[in-house]
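Undergrad: Generate coordinates for the sequence data below:
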Amino acid sequence: MIGASFAILIIAILLIFSGIGFAWVIYQDSRKRGVSDFSATIWAIGIFLLSPVILPLYLLVVVRSQARTSPFGNGELWLIWLYCSLFFPLLLTGVFSPPDPFTQLSRLVVLLPLFALVMYLLVFKLFTPSPESPA
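TA: Below you'll find the predicted structure:
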């Protein structure tokens, strides 16, 4: 019982810190796309508080309309990977599991490594241009 509570606490702490990091990445990305400082701050706060709602809006409004002036840095890519690897499995277990936290945790243990691998492949292999390809 204590082990499961401790695991839930660790996952919650990791999700909060990765959410802060992801909000920072969104802030930096929007600034590099020419968005004002105030708007970038609003986007970052929105991403931190309501990621499932604000992230699609951010992708449609900011990413589709304005080009980024520089590529993502390695630290930004790792923060994106960490947040997506934690957030999406947690969202899936919350939607498709009973409201029992221990059932969600048991499914989360299975989904975390799977999503970590998938997100690594997406972030670092698919969306990162190779050095030999022209930019």
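Undergrad: Now do the same for residue 82: its pLDDT.
TA: Predicted confidence (pLDDT) at residue 82: the value is 91.
Undergrad: Low-confidence ranges, the protein, go.
TA: Filtered on pLDDT under 70, the chain yields the residue ranges 1-2, 4, 127-135.
Undergrad: mind redoing it with 80?
TA: 1-5, 7-8, 101-102, 105, 126-135 (pLDDT under 80).
Undergrad: Just the element for residue 40, please.
TA: With elements taken from DSSP states H and E, the one containing residue 40 is helix 37-49.
Undergrad: could you point out which element follows that helix?
TA: Next along from helix 37-49, by DSSP H and E: helix 51-58.
Undergrad: Restricting to C-alpha, output the following helix or strand past that next one in CSV.
TA: Counting by DSSP H and E, the next helix or strand C-terminal to helix 51-58 is helix 74-96. Only the C-alpha atoms of helix 74-96 are listed here, as CSV (Å, rounded to 0.1, in the frame of the first residue of the first chain):
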residue,chain,number,x,y,z
ASN,A,74,18.8,19.2,-27.1
GLY,A,75,17.5,20.3,-23.7
GLU,A,76,14.2,21.4,-25.2
LEU,A,77,13.8,18.0,-27.0
TRP,A,78,14.5,16.1,-23.8
LEU,A,79,11.9,18.2,-21.9
ILE,A,80,9.3,17.5,-24.7
TRP,A,81,10.1,13.8,-24.5
LEU,A,82,9.8,13.7,-20.7
TYR,A,83,6.5,15.5,-20.6
CYS,A,84,4.9,13.6,-23.4
SER,A,85,6.2,10.3,-22.0
LEU,A,86,4.5,11.0,-18.7
PHE,A,87,1.4,13.0,-19.7
PHE,A,88,-0.1,10.9,-22.5
PRO,A,89,0.0,7.5,-20.6
LEU,A,90,-1.5,9.3,-17.5
LEU,A,91,-4.2,10.8,-19.7
LEU,A,92,-5.0,7.4,-21.3
THR,A,93,-5.1,5.6,-17.9
GLY,A,94,-7.4,8.3,-16.6
VAL,A,95,-9.8,8.1,-19.5
PHE,A,96,-9.9,4.3,-20.0
